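Undergrad: Can you look at this prediction? I've put the sequence above it.
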Amino acid sequence: MRKHSVLENNLNDDFKRGSHNWLLHARYVRGEHAMCVDLAEKLQKQTNNTHIYAHFIKGAVLADAGRLQEAVDKFHSCIRLHPQETEPLKQVAKCLYRQGRFQLALEAYLEADKLSKHPDPDIYCALAECAWSLGDAEHGIEWARAGESAGGGERAGALLAKLLQAVGDQTGALAAYDYALSTHACGADTLASAGALCLKAGDPRRAFQLLGEALSQQPMQHAAALTLAAMLLQHRDVDAGLARLKAALSAHPTCVAAHSNLGLALLTKKKFVAALTCLQRSVWAAPLSSRAAHNLGYALLMCKRPASAFCRLASSAALHPTQQYTVLLIAIALERLGDSRAEAAYMRAASLAPEDPLVRLNLAGRHGRAGRLMDALEEARVVAELLHRAPDAQLASSLATLMGLLRDAGVNLSELPSNSVMAEQPTNTNEDTQATTGLGPDEV
C-alpha cells in the first residue's frame, strides 16, 4: 500500500495539521472498507468534492470489489483535480487491463510514463504485460528489459523470461531466469517456471533443484508439483509421482493435466477403474482438449474396449488432425474392430510421421498380419535404419520379435542391416510400446 501513502504525501501537503489521510489509508489497508468509504464521503462533503485522496481511496475500494468502471470514474476525478500525478493514471490503466481493454490500458500506461519524473519499473512491467496480451512480444521484451534496468526485481526478470520463451529464445529465457534467481529472492511461482523451462531444455538436475525449492517455499504450489510429478513418472518412480499429483490436485482440483497424468500413472500400476475415472474427469474438465481425449482413448484401448476408444480418439483427431499417435491408435482400434478403414488409418499415420520408428513399426506389423510379408520386410528395413540413427532399446526389441516372425514365415532377411536388430525377445508387442510414450502429451 506504499503507493497510497505516496499519493497522500504529494497531494495533501505532507499530512498538514488536521488531515485525515492517514486514517483513510490505515482503514483501507486493514480492510475496513465500509468505514473507509464513510470517512471518504465525509471528507468530500467538507471539501466540496475536492479531496483528492478521498476520491483515490474510494476508487481503490471499488476496484477491489470488482466494480471497475466506477473505480475508473473515481480515479478520473483525481486526474481532473491533479493532472500531473501519475498514480491515479496507473490505477486507471490497471482497471482497463482487468477489463480486457488492453490497447486502452497500454495507452494509459504510456501517458503515465510521460508524466513520471523517474523511470518507473511498475509502468514498464505493466507495458510489457499489455504488449504480451496484444500479441506484440517484441515490444514487450523491450519494456521488460527497461523494467529490469529500472529495478523491477523478480517481476521484471520473470516477465522477460516469459516473453523470450514466447518468441522461441530459450537460451535468453534461461539466462533471464538465472539472472533473476541470482540477484533476487524469488518466490515459488518464478522458481516453478524456471524449473519447467530447465526440464524442457534438457537439464533435469537443475530443474529438480528449482522445483524442490519452489515446493519448500510453498508445498501446494500447483505448477511445481505437476512438473516434478512428470519428472518422477518419466523416471518410472510412480509412487512418488502419484504423491506429487495428488498434491497438485489438492491445490487445483480441476487441473486437466494433473487428472490426466494421474490416470496414466494409475494405468501403469494396472488400476484400470481408477485410471479410467481420472482420465474421464480430465475430459469432463476440458471437453475441447485433444490431449485429454487422446489419453482416455489410449486407456480404453489398453482395457480392451476398442469401440469406446475409437470414439474418444476420433474426437481427439477432430481437434488435432495431425497428431500421428492419435491416428495410429485409431488404426489399432479399427483393426481390433475388424474395420476395413484400419489400413487407411495406418497409412495416414505413416504419412504424418515418416521418420517415426514407432509408427513405421506398427505399419510393418499391419502388413505382416495382412499377409503382405515383403511390404512388412520393407517397413522393417526402414525401422532398422531409423533405429540405427536414434537407438531405442524397446523398439529394437519389438523389431527383433517382428523379424523372428517374418523369418518363421520364410522371408529372406538378408537385406536387413544385422547390427540394428537386438537379439533378445521383448516382453510386450509392438502396439504396447505406445505405453512408453503415453505420458508424453500431458507432460509439463
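TA: Looks like it arrived, so ask away.
Undergrad: Just read off the phi/psi values of G195.
TA: The phi/psi pair for G195 (degrees, to the nearest 10) reads phi -60, psi -40.
Undergrad: What is the burial count for it?
TA: Per other CB atoms under 10 Å, the neighbour tally for G195 reads 29. C-betas here are computed from N, CA, C, even on glycine.
Undergrad: show me what contacts the residue nearest to it when sequence neighbours are not counted?
TA: Closest residue to G195 apart from its sequence neighbours, by CB to CB, 6 or more residues apart in numbering: L210 at 3.5 Å. L210 is in contact with L181, L191, A192, A194, G195, C198, counting by CB atoms under 8 Å, 6 or more residues apart in numbering.
Undergrad: hang on, the fourth one packs against S182?
TA: No: checked against CB atoms under 8 Å, the pair A194 and S182 is beyond contact range at 11.2 Å.
Undergrad: Give me the more crowded residue out of these two.
TA: Taking neighbours as other CB under 10 Å, A194 and S182 compare with A194 leading, 28 against 9.
Undergrad: tell me the contacts of Y97?
TA: A105, A126, E129, C130, S133.
Undergrad: Would you quantify the distance from the last one to S216?
TA: This means S133. For S133, the distance to S216 equals 32 Å [CB to CB, to the nearest Å].
Undergrad: mind listing the strands for the stretch 251-400 of the chain?
TA: For the stretch 251-400 of the chain, no strands turn up when DSSP state E, counting those that start in this stretch is the criterion.
Undergrad: coming back round to it: quick check, nearest of the contacts of Y97 to L24?
TA: Closest approach to L24 among the contacts of Y97 (CB to CB): A126, at 24.9 Å.
Undergrad: What count of nearby residues applies to the closest one?
TA: Neighbours of A126 (other CB under 10 Å): 25.
Undergrad: what do you get for the one 5 residues further on?
TA: A131 has 21 neighbouring residues, counting by other CB under 10 Å.
Undergrad: pLDDT at it, what is it?
TA: Predicted confidence (pLDDT) for A131: 92.
Undergrad: Was I right to think it contacts G147?
TA: No: counting by CB under 8 Å, G147 is not a contact partner of A131; they are 11.7 Å apart.
Undergrad: Narrow the contacts of Y97 to those in helices?
TA: A105, A126, E129, C130, S133 (DSSP state H).
Undergrad: And those, which two are furthest apart?
TA: With CB to CB as the measure, no two of those lie farther apart than A126 and S133, at 10.6 Å.
Undergrad: about what we covered before: please, which helix or strand holds the residue nearest to G195?
TA: L210 belongs to helix 204-217 when assigned by DSSP states H and E.
Undergrad: which parts of that helix are buried?
TA: Going by neighbour count (16 or more other CB atoms under 10 Å), the buried part of helix 204-217 is R206, A207, F208, L210, L211, E213, A214, L215, Q217.
Undergrad: Looking at those, which one is closest to V29?
TA: Q217 (24.6 Å).
Undergrad: any idea how far L62 is from the closest residue to A345 other than its chain neighbours?
TA: Leaving aside its sequence neighbours, A345 sits nearest to A331 (CB to CB, 6+ apart; 3.5 Å). Per CB to CB, A331 is found 58 Å from L62.
Undergrad: cool, and H252?
TA: 30 Å.
Undergrad: so where's this protein shaky on pLDDT?
TA: For the chain, the stretches flagged by pLDDT under 70 are 1-18, 414-444.
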